[in-house]
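A.B. asks: Here's a sequence, model it:
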Amino acid sequence: MNFENITYEVEDGIAIITINRPEALNALNSKTLDELCSAAFMAGEDPEVGAVILTGAGDKAFVAGADIKEMIEFTPMDMKEFCLRGQASLATLEELKKPVICAINGFALGGGLELALACDVRIASENAKLGLPEVSLGIIPGFGGTQRLPRLVGPGRAKEMVMSAGMYDAQKAEAWGLVNSVHPPDELMDAAKKIADKFTGLDIENDNDLGDAIGKLTNILAGRTQLMLDNQGLKTDLTLPSVYSVQNLRVLIQRKNTHDYFHFDSPLGKLWVGVTVGISPGLIL
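C.D. replies: Residues are numbered from 1 along each chain as shown. From the prediction side, this is the model:
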């Protein structure tokens, strides 16, 4: 299958999926989410694949968030459909019976962090920055981050991350259990492959006892996630016109060069609520 926004290759029994939009900091648009879902399905169905590595192209970002260029054209119902598309793509990845290792090679913000949370193992480069800054736009994480994050870091730290809209470095993420290990940028993929190699030799999918145990755990967690997302969706239906205001997004773009909006200082300049000045932006979602 030919992809436009991702690359897919199999190397020594490891499927490597790369979000390939470096000019947009690998921001997630609808097409990218659909291709990610297809690639995950391909890896799951391929008997030659024993593990999956997910990463981003370039050295600046894993995934900086959702694609604001697409989102500013959305109606409220388009926004809801986009959230559901993201939830479905992440669920496909999360429910694979093969281990998925996420190599976070830079910014993992909003939807980017939510994507990482759907993987089995996360490792990060030393320059990685992670966060869920959605509340600074008056929205909430839309791809399941509010449900998956507390399982890793606990409810208290999860609330701090979501409510403060903070951005955390790789060392803090490791200390909190958000990532398993931290590596120099040029060693990150080698580290991911070493972890994947351990899994490919175990034939986890075909081991009946282990496969059943992992499958049951995955289904329980995925079921809880979906239940909570369904409940969240009921509330979203009532608040979409105001919460996901397309007009607010357009104003944000128009005024990104002012100091009226919450911003992060980063090696790339000021990161305005997920919008990097001068670079095709990704919006946190």
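A.B. asks: Isn't Asp12 up against Thr200?
C.D. replies: Yes - using Cβ atoms under 8 Å, Asp12 makes contact with Thr200 at a distance of 7.5 Å. In short, each C-beta sits where N, CA and C put it, glycine included.
A.B. asks: So for those two, which sits in the more crowded spot?
C.D. replies: Remark: of Asp12 and Thr200, Thr200 carries more neighbours, 18 against 11, as counted by other Cβ atoms under 10 Å.
A.B. asks: any idea how far the more buried one is from Ser38?
C.D. replies: Separation of Thr200 from Ser38 (Cβ to Cβ, to the nearest Å) stands at 22 Å.
A.B. asks: Stretch 100-114: end-to-end distance?
C.D. replies: Distance between the two ends of stretch 100-114: 14 Å, counting by Cα to Cα, to the nearest Å.
A.B. asks: State the phi and psi torsions of the residue most central in space within the chain.
C.D. replies: Of all residues in the chain, the one closest to the mean position by Cα atoms, centre = their mean is Leu115, 2.1 Å from it. Leu115 has phi and psi values of phi -60, psi -40 when expressed as degrees, to the nearest 10.
A.B. asks: and what of Pro184?
C.D. replies: phi -60, psi 150.
A.B. asks: can you pull the contacts of the closest residue to it other than its chain neighbours?
C.D. replies: In space, and not counting its chain neighbours, Pro184 is closest to Glu126: 5.8 Å by Cβ to Cβ, 6 or more residues apart in numbering. The neighbours of Glu126, taking Cβ atoms under 8 Å, 6 or more residues apart in numbering as the test, are 170-171, 182-185.
A.B. asks: Let's see which of the residues you listed end up in helices.
C.D. replies: Taking DSSP state H, the ones among the contacts of Glu126 that sit in helices are 170-171.
A.B. asks: Buried ones among the contacts of Glu126?
C.D. replies: Neighbour-count burial (16 or more other Cβ atoms under 10 Å) applied to the contacts of Glu126 gives 170, 182-183.
A.B. asks: ok so, going back, I'd like to know how far the residue nearest to Pro184 sits from Phe3.
C.D. replies: Glu126 is 29 Å from Phe3, by Cβ to Cβ.
A.B. asks: how about TSV for the buried ones among the contacts of Glu126, with pLDDT added?
C.D. replies: Shown next, in TSV, are the buried ones among the contacts of Glu126 (pLDDT from 0 to 100):
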residue	pLDDT
Ala170	98
Val182	98
His183	98
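A.B. asks: how about low-confidence regions in the stretch 51-200 of the chain?
C.D. replies: Applying pLDDT under 70 to the stretch 51-200 of the chain picks out no residues at all.
A.B. asks: Please, where are all the helices along it?
C.D. replies: Per DSSP state H, counting those that start in this stretch, the stretch 51-200 of the chain carries helices over the ranges 68-71, 76-94, 111-117, 145-153, 155-164, 170-175, 188-200.
A.B. asks: give the contact list for Leu28.
C.D. replies: Going by Cβ under 8 Å, 6+ apart, Leu28 touches 19, 36, 63, 65-67, 86, 111-112, 115, 282, 285.
A.B. asks: Show me which of those is closest to Gly56.
C.D. replies: When those are compared for distance to Gly56 (Cβ to Cβ), Ile19 wins out at 4.7 Å.
A.B. asks: Just list the residues touching the closest one, thanks.
C.D. replies: Ile19 touches 5-6, 26, 28, 32, 36, 54-57, 62-63, counting by Cβ under 8 Å, 6+ apart.
A.B. asks: Distance-wise, check it relative to Glu174.
C.D. replies: Separation of Ile19 from Glu174 (Cβ to Cβ): 22 Å.
A.B. asks: got it, and Gln147?
C.D. replies: Distance, Gln147 to Glu174, using Cβ to Cβ: 22 Å.
A.B. asks: Which one's more surrounded, these two?
C.D. replies: Comparing Gln147 with Glu174 by other Cβ under 10 Å, the one with more neighbours is Gln147, at 22 against 18.
A.B. asks: Next, count neighbours for Gly138.
C.D. replies: 11.
A.B. asks: didn't Val100 look like it was pressed against Leu54?
C.D. replies: Yes - using Cβ under 8 Å, Val100 is in contact with Leu54, at 6.1 Å.
A.B. asks: what do the two both touch?
C.D. replies: Joint contacts of Val100 and Leu54 (Cβ under 8 Å, 6+ apart) are 93, 119.
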